[in-house]
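Colleague: after the sequence you'll find the predicted model.
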Amino acid sequence: MKTIAMTIDEPTLKRVDRLMASSVVPWKSRSEVIRHAVQQLVENLEREQEEKREREIFRRHGARLNRQAAALIKEQAR
């Protein structure tokens, strides 16, 4: 793990502290909360990027994929 320095606005930091004080989060330190939040953000962004890439593939190849699916269904119905 690597140590970094970052700046965070006071209202957000207070919100993190309130969450920690209310036992809503299972983590014991600000660093853990922020690390988890960053991990979630990165996972969400990566998933969105992958979904966008897949949508583009379907857009470009949709007609062919539909024909192949129809042919497969027809073949299986025999």
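Modeller: The structure has been received and is ready for your questions.
Colleague: list the buried residues of stretch 22-39.
Modeller: Using 16 or more other C-beta atoms under 10 Å as the test for burial, stretch 22-39 gives 33, 34. Quick note: C-beta positions are derived from backbone N, CA and C, even for glycine.
Colleague: avg pLDDT for it?
Modeller: The average pLDDT within stretch 22-39 is 91.
Colleague: what does stretch 63-78 give?
Modeller: Rounded mean pLDDT across stretch 63-78 is 90.
Colleague: just the C-alpha atoms of it, please, in PDB.
Modeller: Taking C-alpha atoms only, stretch 63-78 is exported to PDB below (Å, rounded to 0.1, in the frame of the first residue of the first chain):
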ATOM      1  CA  ALA A  63     -27.900  -7.000 -37.100                       C
ATOM      2  CA  ARG A  64     -25.400  -9.800 -37.500                       C
ATOM      3  CA  LEU A  65     -25.900 -11.000 -33.900                       C
ATOM      4  CA  ASN A  66     -29.700 -11.000 -34.300                       C
ATOM      5  CA  ARG A  67     -29.400 -13.100 -37.500                       C
ATOM      6  CA  GLN A  68     -27.100 -15.500 -35.700                       C
ATOM      7  CA  ALA A  69     -29.400 -15.800 -32.700                       C
ATOM      8  CA  ALA A  70     -32.400 -16.300 -34.900                       C
ATOM      9  CA  ALA A  71     -30.600 -19.100 -36.900                       C
ATOM     10  CA  LEU A  72     -29.500 -20.700 -33.600                       C
ATOM     11  CA  ILE A  73     -33.100 -20.700 -32.300                       C
ATOM     12  CA  LYS A  74     -34.400 -22.100 -35.500                       C
ATOM     13  CA  GLU A  75     -31.800 -24.900 -35.500                       C
ATOM     14  CA  GLN A  76     -32.600 -25.800 -31.900                       C
ATOM     15  CA  ALA A  77     -36.300 -25.900 -32.600                       C
ATOM     16  CA  ARG A  78     -35.800 -28.800 -35.000                       C
END
